[in-house]
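1. Requesting a structural model of the entry that follows:
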Amino acid sequence: MAWLGWWAGLIVGALTPLLFKHIVGIACSPDFVVKWYSFLLPMKKFIMGAVWSVLTYISFSVFILRMSDGASDPTAKALLLISQALFGILLASLMLVGEKILIQVIASYFHQRSYEDRIAEQKNAIQFITTLYRYTHDIGRADTLDRAFGSPPKGPEKPAKLLKSALKGVKNVARNTTSVFGTVASEIAGEQILQPNSPSSMVLSALSSANKSRQLARRIYYSFVPVNYRQVMVLGDILPCFEGDEDTAQDGFAVFDKDRNGDCSLEEIELTCLELHRERLALVASMRDLDSAVGKLDSILMFIWYTVSLLVIVALLDISFQTLLASAGTLVLGLSWLIGGTAQEILASIIFLFVKHPYDVSDRVDVDDVSYVVKEMHLLYTVFRQTNGKITQIPHSVLNAKKVVNIRRSGPISETFSWDVSFGTSFEKIEQLRGKMLEFLKSERRDYSTSFDVNIQDFEGQAKLTLTADIKYKSNWQNGALKSQRRNKWVCALKQIMAELEIYGPADAGNPAPKTDPTLIQLVDSPPLMIQQRGESPHDHHHHHQHHQHHKQHTQQQHQQHQQQPADQAPGVQPVELENRENVMRDDDDDDEEHGLPLSYIPLSPL
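-> Predicted coordinates for the structure are as follows:
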């Protein structure tokens, strides 16, 4: 009976997903059928075990127990214990199926909340690019995806290799717990991945590499844009690819035309293809970490299942169950101080990761005003990479109580920029600044919203005006390099316009020809120092003093007539004007010895 029950369970487990798909699918929507069919596929083995345990218990109870009426007491007691053991195995198998369904529900909810919209957007974009690729041709350029400059990319190898390496370990967990990962992988990779020469495989192969993504963008651009007289792609260029269906073409064209201005430049097409490349890598990495988290959660639930199943079977066998339960309860209570904190951390981590789920792999987030990029997600912690390259590991129990700002999930973001100008800046110049900045934003509407408002924030001490304005980007800051480039462009445009309008900073800073205030310079006359030769008589000295007075009066008269003529000097007398008289007015002998003055000169009083 056990052997027949095994084969019966195997058949039922194999047929259950097919029967559900073909019978229930007649009355239900396709989405509902696909969802539950993906649930039932990995449950074959567990359904088989549950069916085998049910059939074994029923057959034993019907055929063995009823036929053993009148048997001896030891035999009847042994058969009763076997029946109770089989019933315990039945309950354990049903609990195992319930545990696997719970894992399925958690993974499915996690998938729908985190990845369904992103995968749908990715599939639509890839389908649109694949349609365009069918109508492209070799350009004859080395910087495009051109077969003339190398062998054609092998369709299934690179995507399959990428998914195989990224989803390593998903196969075992998905086989036992959930099929969500396999479904997501097929949705990302595409159904035509096994056709090497198909356009889908060529596009997917190109999107697996950043360089090939740029080449794919250039191939599309040069195939549709008449670069001789136009440098942008318009809707009319790709309309023939959709057989005149303008609505479908417009929806697809929006993949490239992010700013909705009606045309796409080569830079926009390259950015779109690179974003698709990065998004594919992020989705694969997120699924890899989701596999790890779900696998660890499944291990925890399996430990609980083993414990509960053992207690149930022991209780049914009635082997001193009350004593065993009391002993187990005492042991658990005794160890509660040891495992209580761990259990609380595990519960908080499960709620944070699977219920709140504030971020995915490769998302840019801000935690405590510090910018991070999510590198890895695990069940109990997350590994972040800071913008300066440092790796940080933060437990989920800590993150559960913090504010997490997700930049990737945010829409268009703006930032406030403030600067100082001269206090004398007029209202008219500020309005002229606003008008010219609006003209700049309209010309760069691919990167910015066409709105600009200047606010006078403060005028501190009437020394300067503090102005503020918002830089309104058309995208978020997930791409940090692109954000920095756009910010620098905005600031440089503001600087240029301020220079054109002659709006300068405080104290005329930035003015190439600033006005300087006059400086008052006052000249102070000092009396000359008289030096007399040695050996000169006091009479000569007195005559020299009178000659000095006469020379001073004569110099003042010459200054009034705006003429300078050398004054006559008495023989042996030289007027000298020194800045530092202390070096001269010292003792005669010391000065002669230390400074090496000629012995024919001696210093006299300056007066």
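
2. hey, where'd the strands end up in the chain?
-> Taking DSSP state E, the strands of the chain run over residues 233-234, 263-264, 364-367, 370-377, 381-386, 391-395, 404-406, 414-422, 455-458, 464-472, 529-533, 573-576, 601-603.

3. Most tightly packed of the ones you listed?
-> Comparing the strands of the chain on average neighbours per residue, with mean count of other CB atoms under 10 Å, the densest one is strand 263-264 at a mean of 22. Quick note: C-beta positions are derived from backbone N, CA and C, even for glycine.

4. and that one, what other elements does it pack with?
-> strand 233-234 (3 or more CB pairs under 8 Å, 6 or more residues apart in numbering; DSSP states H and E).

5. Identify the residues contacting the residue lying closest to Gln215 once chain neighbours are set aside.
-> Among residues not flanking Gln215 along the chain, Leu145 sits closest, at 4.1 Å (CB to CB, 6 or more residues apart in numbering). Contacts of Leu145 were listed using CB atoms under 8 Å, 6 or more residues apart in numbering, and they are 153, 202, 206, 212, 215-216, 218-219.

6. What about these, which one has the most neighbours?
-> When the contacts of Leu145 are compared by neighbour count (other CB atoms under 10 Å), Leu216 ends up highest, at 27 neighbours.

7. Tell me who's in contact with that residue.
-> Residues counted as contacts of Leu216 (CB under 8 Å, 6+ apart) are 129, 133, 145, 203, 206-207, 273.

8. picking up where we left off before, pick out whichever of the contacts of Leu145 sits closest to Asn228.
-> The closest of the contacts of Leu145 to Asn228 turns out to be Arg218 (CB to CB; 16.5 Å).

9. residues contacting the closest one?
-> Going by CB under 8 Å, 6+ apart, the list of residues near Arg218 reads 139, 141, 143-145, 266, 270.

10. In helices, which of the residues you listed appear?
-> Members of these lying in helices (criterion: DSSP state H): 266, 270.

11. Which among the contacts of Arg218 count as buried?
-> Neighbour-count burial (16 or more other CB atoms under 10 Å) applied to these gives 139, 144-145, 266, 270.

12. I'd like the distance between Thr416 and Arg408.
-> To Arg408, Thr416 is 22 Å away according to CB to CB, to the nearest Å.

13. thinking again about what came up before, okay, the strands of the chain in TSV with mean pLDDT and distance to Phe60 next?
-> Rendered in TSV, the data for the strands of the chain read as follows (pLDDT from 0 to 100; distance: least, CB to CB, whole Å):
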stretch	mean pLDDT	distance to Phe60
strand 233-234	88	73
strand 263-264	84	72
strand 364-367	93	57
strand 370-377	91	47
strand 381-386	92	48
strand 391-395	93	50
strand 404-406	92	55
strand 414-422	93	72
strand 455-458	90	84
strand 464-472	93	74
strand 529-533	51	134
strand 573-576	45	134
strand 601-603	46	135
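
14. Mind checking the ones you listed for the one nearest to Lys356?
-> In this view, the strands of the chain are compared for proximity to Lys356 by CB to CB, and strand 404-406 is the closest at 8.7 Å.

15. what lines up beside the closest one in the sheet?
-> Partner strands and pairing direction for strand 404-406 (DSSP bridges) are strand 364-367 (antiparallel).
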